[in-house]
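In: Sharing a model prediction with you, sequence too.
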Amino acid sequence: MNRARAVAVWATFGLVHAVLVMENLFAPNGPLGDVQVTYPAWWIDALISGDYPGLTAPGVYPFLALVPIAIATEGVGAWFVLVVIVDAVALAFVARRSLTAAFVWLAFQLALGPIALGRIDAVTVALAVIAVTILERSPRVSGVLVAVATWVKVWPVAVGLAAMRSARFASFATWSIGTATALAVAGIVVGDHFSVFSFLSQQQGRGIQVEAVAATPWLWDAWAAGQSVVTYSADIHTFEIVGPGTSLVAQVLTVAQVVALLAVGFALVANGRSATTASASFGYSLLVLVSLLVTTNKVGSPQFVSWFAVPLVAMVLANASRATAVLVALIGSVAVLTHVIYPYAYFAFLELRTVPLMLVTVRNLTEIALLVASSVVLLTQLRVEKLAKQFADLDIGNQKGVVSER
């Protein structure tokens, strides 16, 4: 039976990725635009000028992003080979732990659509999926993978924070921090420290992107012919919403995001580390952190939704409570709505047509609901684990008392 299910998983993998490749190639509104245009333009400019973004020149991504960017320059075929290979490797690790988790991840990718393969995020998601799958068994390798993924895009740092719930966190943290530091030093040696860390400051001057959760009220103001308007930023090749107070909110969001992440990290430390090897709180913690990164992000690109795959896999692997089913349903809803919006309704949305704007609004509200629900579930789980630890300590104390009396 398990062998048949394993064959079914890999058959599903082939089918899902074939569908996603076809969507990327033939769906309307150019879903593969960054891979076909933006990434090659960056790499060719770097080759001509000698200024490599994130390494010897300011860049929006950490310098290891240059690797998939360079591969994209070889054509869409090379890109699809890259993302299918990293997905296949990740699936192999997940399937060894849980065929159910493997099926759930593939279902999520299909629900999300072409964006699941069509951006650099696809590489970091695959690395992070492997990292959460092997965290308890191989914390050192997991730490290395998270460090590498973070030097491609910053968001996998959430995995590092959530890993504080693991009994193997000390080993994970040592190798993760060590690898991240070694990569930083290597980048500085090859490039310069101003450019290597420029991804931390390059986002500061950006406004609120139209897809961001925070953009929602101003989008409706623009729809109602108010003072807000959708504008195109040629410098960063994206659409932003501009209206009363958007500049201030854009600045506040970055600070709020950092404060919120630190607050969650402090809460995890304050509640102590889990002694179990498959703690549900790890998956819930990761979901809260990823939800924070998405909902408080002033960029809000559709590919950010692909990050939810990692806590999704972690929760299913933990075989957690019925609350997981609710969270999975919310994640699936966000993915489906994102799929409809991008690429199919994207330009109609930019024109502020009513139905696409309603879809974006529902998607954004669902992301907020996911953050709230996952926070409630996490707090409940932390209390349960704390009580379980107290009872376990009490039981150990009683056993020692019995031994001493004898």
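Out: Here it is on my side, so go on. Numbering: from 1, shown residues only.
In: per-residue confidence averaged over stretch 156-168?
Out: Averaging pLDDT along stretch 156-168 gives 92.
In: actually stretch 345-353, not the one I typed
Out: Mean pLDDT, stretch 345-353: 96.
In: Quick check: end-to-end length of that stretch?
Out: Using Cα to Cα, to the nearest Å, one end of stretch 345-353 lies 9 Å from the other.
In: So which bits of that stretch are buried?
Out: Residues of stretch 345-353 classed as buried: 345-346, 348-350, 352 (neighbour count, 16 or more other Cβ atoms under 10 Å). Backbone N, C-alpha and C define where each C-beta goes, glycine included.
In: Take the residues you listed and keep only those in helices.
Out: Residues from the buried residues of stretch 345-353 lying in helices, with DSSP state H as the criterion: 346, 348-350.
In: Extract the residue ranges of the stretch 1-150 of the chain that are flagged as low pLDDT.
Out: 1 (pLDDT under 70).
In: Can you show me the helices along it?
Out: Assigned by DSSP state H, counting those that start in this stretch, the stretch 1-150 of the chain shows helices spanning 2-26, 33, 39-49, 66-73, 76-97, 99-112, 121-134, 139-150.
In: One more: the stretch 301-406 of the chain?
Out: Secondary structure of the stretch 301-406 of the chain (DSSP H, counting those that start in this stretch): helices located at 309-317, 323-339, 346-350, 354-405.
In: Where among the ones you listed is average confidence lowest?
Out: helix 354-405 - the lowest mean pLDDT of these, at a mean of 81.
In: how far away is the closest residue to residue 153 other than its chain neighbours from residue 211?
Out: Spatially, and ignoring its direct neighbours in sequence, residue 153 is nearest to residue 124 (4.9 Å; Cβ to Cβ, 6 or more residues apart in numbering). Remark: distance between residue 124 and residue 211 (Cβ to Cβ, to the nearest Å) = 19 Å.
In: what's the neighbour count on residue 48?
Out: 8 (other Cβ atoms under 10 Å).
In: Ok, residue 364 next?
Out: Burial measure for residue 364: 22 neighbouring residues, criterion other Cβ under 10 Å.
In: what about it, distance to residue 145?
Out: From residue 364 to residue 145 the distance is 31 Å (Cβ to Cβ).
In: With residue 334 instead?
Out: In this view, residue 334 and residue 145 are 25 Å apart by Cβ to Cβ.
In: where does the stretch 201-350 of the chain have low pLDDT?
Out: Low-confidence segments of the stretch 201-350 of the chain (pLDDT under 70): 272-278, 320-321.
In: Residue 334 and residue 145 - which one has more neighbours?
Out: residue 145 (27 against 24).
In: Tell me if I'm right that the more buried one and residue 127 touch.
Out: Yes. Counting by Cβ atoms under 8 Å, residue 145 does reach residue 127; the two are 5.0 Å apart.
In: Contacts only, for the closest residue to residue 337 other than its chain neighbours.
Out: Spatial nearest neighbour of residue 337, excluding adjacent residues (Cβ to Cβ, 6+ apart): residue 363 at 3.8 Å. In this structure, residue 363 makes contact with 334, 337-338, 341, judged by Cβ atoms under 8 Å, 6 or more residues apart in numbering.
In: again with residue 117
Out: Residue 117 neighbours (Cβ under 8 Å, 6+ apart): 17, 20-21, 24, 80, 83-84, 87, 109.
In: I'd like the residues you listed as JSON lines, with distance to residue 282 appended.
Out: Formatted as JSON lines, these follow (distance: Cβ to Cβ, whole Å):
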{"residue": "17", "distance to residue 282": "28"}
{"residue": "20", "distance to residue 282": "28"}
{"residue": "21", "distance to residue 282": "32"}
{"residue": "24", "distance to residue 282": "32"}
{"residue": "80", "distance to residue 282": "32"}
{"residue": "83", "distance to residue 282": "26"}
{"residue": "84", "distance to residue 282": "28"}
{"residue": "87", "distance to residue 282": "22"}
{"residue": "109", "distance to residue 282": "22"}
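In: Quick check: phi and psi on residue 31?
Out: phi -60, psi -20 (degrees, to the nearest 10).
In: just residue 153 next, same as before
Out: Backbone torsions for residue 153, taken as degrees, to the nearest 10, come to phi -140, psi 150.
In: likewise residue 233?
Out: Recorded main-chain torsions at residue 233 are phi -100, psi 110, according to degrees, to the nearest 10.
In: Let me see the contact set for the closest residue to it other than its chain neighbours.
Out: Nearest residue to residue 233 in three dimensions, chain neighbours excluded: residue 240, at 5.6 Å (Cβ to Cβ, 6+ apart). Under the criterion of Cβ under 8 Å, 6+ apart, the neighbours of residue 240 are 206-210, 230-233.
In: Please identify the deepest-packed of the helices of the stretch 301-406 of the chain.
Out: When the helices of the stretch 301-406 of the chain are scored by mean count of other Cβ atoms under 10 Å, the highest mean neighbour count falls to helix 309-317 (a mean of 27).
In: And that helix, what does it pack against?
Out: helix 76-97, helix 99-112, helix 121-134, helix 157-162, helix 280-295, helix 323-339 (3 or more Cβ pairs under 8 Å, 6 or more residues apart in numbering; DSSP states H and E).
In: okay if I get the ones you listed as CSV plus distance to residue 38?
Out: Listed next are the helices and strands packed on helix 309-317 as CSV, based on distance: least, Cβ to Cβ, whole Å:
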stretch, distance to residue 38
helix 76-97, 12
helix 99-112, 20
helix 121-134, 14
helix 157-162, 24
helix 280-295, 21
helix 323-339, 20
